[in-house]
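Asker: Okay, structure incoming, though there's no sequence with it:
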């Protein structure tokens, strides 16, 4: 029987979902019926969580109940803090620390699925902030229950209550990345939960997938490029040299979007407001100039490819404006995306069907086993990675 193998499952529809839809040709991202442009700049993150999990925006009572449930679960267990201290001593990457910290949440008394979901969403910002402070020789800051999810994260990082524009900027960011179709980390979460495993195991799997640089590691390099350019007059020669050498410009182009990433427009406006409020216009202007030159040169060097600014470029600009170091970019992404991972887990649980694709065997057949004494004394050359 003839089979068609699609490497990386590209083009394969593996699920139907009502959580989010991505139209790469039109440059549209729909989140539970709302365009990302309509939702991300206005909603609170708590509203996004409720929407993703219940397919409707909450009323005042429902929103307050969710806020209270989340804020009550922000403090980390003692064993989680001990693990983060050990990880900080060994300087492990922040995403590894988040993965390990999330896994320890399984040590708490048995919870229902919803309670596990609330605990994971609430604990992730605390774990990231605590780990970052430990890595920098500072004492972790206890979370506050009177602050919103976004405001509390910024507070735990710096110790200072954030301003309104800072909170709005971060909230817009984590709203815009809360879900994005069946990407690698979301698929990983759905595969794990489809086996009837637990919610925390599914989220640990998703964090492991997001850790990979092909999925969650690009915003930092996008910012590094702007820093390396340093001045407007250096943008064109710098970018031309990269393109002439066949290098990729980080923050431009997307595997799915063939036109401009809609999240880029949302974050561009959030970044503009943030930098206007902070008064740091010079760096913002430089970034805009780099974007303008990059788009012009990409059309020159790669005509017809329609390589546009993606979410990574303005993610880097916005998070830098909030005072976050590049090592925090991907963990902060995870703080937003965890809401979507959990929504997909709930959806997969309702489907109640294990994800079990087929593979096509292309190896040898008919080989005969030889006892150790009859095998060649010298090593047989092999191309298998495990060798």
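Answerer: Arrived safely, thanks for sending. Just so it is clear, the model here is predicted, and its values are computed rather than measured.
Asker: List of residues touching stretch 130-143?
Answerer: 71, 74-76, 81, 84-85, 87-88, 91, 94, 97-98, 101, 125-126, 129, 152, 155-157, 159, 325, 327-328 (Cβ atoms under 8 Å, 6 or more residues apart in numbering). In short, each C-beta sits where N, CA and C put it, glycine included.
Asker: Out of the residues you listed, which end up buried?
Answerer: 71, 74, 76, 81, 84, 87-88, 94, 97-98, 101, 125-126, 129, 152, 155-157, 328 (16 or more other Cβ atoms under 10 Å).
Asker: Any stretches of the stretch 101-250 of the chain with poor pLDDT?
Answerer: 217-219 (pLDDT under 70).
Asker: quick one, helices of it?
Answerer: For the stretch 101-250 of the chain, the helices defined by DSSP state H, counting those that start in this stretch cover 113-135, 149-158, 164-176, 184-194, 199-211, 213-216, 219-229, 235-244.
Asker: Relative to residue 377, which of the ones you listed is closest?
Answerer: Closest to residue 377 of the helices of the stretch 101-250 of the chain is helix 199-211 (Cβ to Cβ; 40.3 Å).
Asker: Are there helices or strands packed against that closest one, and which ones?
Answerer: The contact analysis (3 or more Cβ pairs under 8 Å, 6 or more residues apart in numbering; DSSP states H and E) places helix 199-211 against helix 94-104, helix 113-135, helix 184-194, helix 329-351.
Asker: Let me have those helices in JSON lines, extended by distance to residue 316.
Answerer: Output for the helices and strands packed on helix 199-211, formatted as JSON lines (distance: least, Cβ to Cβ, whole Å):
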{"stretch": "helix 94-104", "distance to residue 316": "16"}
{"stretch": "helix 113-135", "distance to residue 316": "17"}
{"stretch": "helix 184-194", "distance to residue 316": "19"}
{"stretch": "helix 329-351", "distance to residue 316": "7"}
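Asker: Of these, which is nearest residue 178?
Answerer: helix 329-351 (4.8 Å).
Asker: what angle separates the closest one from helix 199-211?
Answerer: 140 degrees (axes from the mean of the first three to the mean of the last three Cα atoms, to 10 degrees).
Asker: So which bits of helix 329-351 are buried?
Answerer: If you call a residue buried by 16+ other Cβ under 10 Å, then helix 329-351 has these buried ones: 329-349.
Asker: ok now it, how far from the chain's centre?
Answerer: 9 Å (Cα atoms, centre = their mean, to the nearest Å).
Asker: what is the rounded mean pLDDT of that helix?
Answerer: Averaging pLDDT along helix 329-351 yields 97.
Asker: Please list all residues in contact with residue 228.
Answerer: residue 238.
Asker: now with 6 Å?
Answerer: Taking Cβ atoms under 6 Å, 6 or more residues apart in numbering, we find residue 228 in contact with no residue.
Asker: on that earlier part again, how about the helices and strands packed on helix 199-211, which one is nearest residue 254?
Answerer: Closest to residue 254 of the helices and strands packed on helix 199-211 is helix 184-194 (Cβ to Cβ; 14.1 Å).
Asker: what is the orientation angle of that closest one with helix 199-211?
Answerer: Going by the same axes, to 10 degrees, helix 184-194 makes 160 degrees with helix 199-211.
Asker: What is helix 184-194 packed up against?
Answerer: helix 199-211, helix 329-351 (3 or more Cβ pairs under 6 Å, 6 or more residues apart in numbering; DSSP states H and E).
Asker: how far does the shortest one sit from the chain's center?
Answerer: Distance, stretch centre to chain centre, for helix 199-211: 11 Å (Cα atoms, centre = their mean).
Asker: For it, buried residues please.
Answerer: Those would be 199, 200, 201, 202, 203, 204, 205, 206, 207, 209, 210, 211, for helix 199-211 by 16+ other Cβ under 10 Å.
Asker: Look up how far residue 12 lies from the second one.
Answerer: It refers to residue 200. Using Cβ to Cβ, to the nearest Å, we find residue 200 at a distance of 28 Å from residue 12.
Asker: Phi, psi for the residue lying closest to residue 172 once chain neighbours are set aside please.
Answerer: Counting by Cβ to Cβ, 6 or more residues apart in numbering, residue 172 lies nearest to residue 270, which is 4.2 Å off, once chain neighbours are set aside. Dihedral pair for residue 270: phi -60, psi -40, per degrees, to the nearest 10.
Asker: Any idea how many residues pack against residue 270?
Answerer: By other Cβ atoms under 10 Å, 25 other residues sit near residue 270.
Asker: contacting residues around it?
Answerer: By Cβ under 6 Å, 6+ apart, residue 270 lies in contact with 169, 172, 318.
Asker: circling back to that earlier point, between the helices and strands packed on helix 184-194, which one is nearest to residue 238?
Answerer: Between these, helix 329-351 lies closest to residue 238; by Cβ to Cβ that is 21.8 Å.
Asker: list the helices and strands that closest one packs on?
Answerer: Packing contacts for helix 329-351, counted by 3+ Cβ pairs under 6 Å, 6+ apart, involve helix 45-54, helix 94-104, helix 113-135, helix 184-194, helix 199-211.
Asker: can you list the residues that contact the fourth one?
Answerer: Translated: helix 184-194. By Cβ under 6 Å, 6+ apart, helix 184-194 touches 201-202, 205-206, 209-210, 215, 341, 344-345, 348, 354-355.
Asker: which one of the residues you listed is nearest residue 285?
Answerer: The closest of the contacts of helix 184-194, once distances to residue 285 are taken by Cβ to Cβ, is residue 215, at 30.8 Å.
Asker: The contacts of helix 184-194 into a markdown table, with extra columns for distance to residue 361?
Answerer: Listed next are the contacts of helix 184-194 as a markdown table, based on distance: Cβ to Cβ, whole Å:
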| residue | distance to residue 361 |
| --- | --- |
| 201 | 29 |
| 202 | 29 |
| 205 | 26 |
| 206 | 29 |
| 209 | 25 |
| 210 | 31 |
| 215 | 28 |
| 341 | 32 |
| 344 | 30 |
| 345 | 31 |
| 348 | 28 |
| 354 | 21 |
| 355 | 20 |
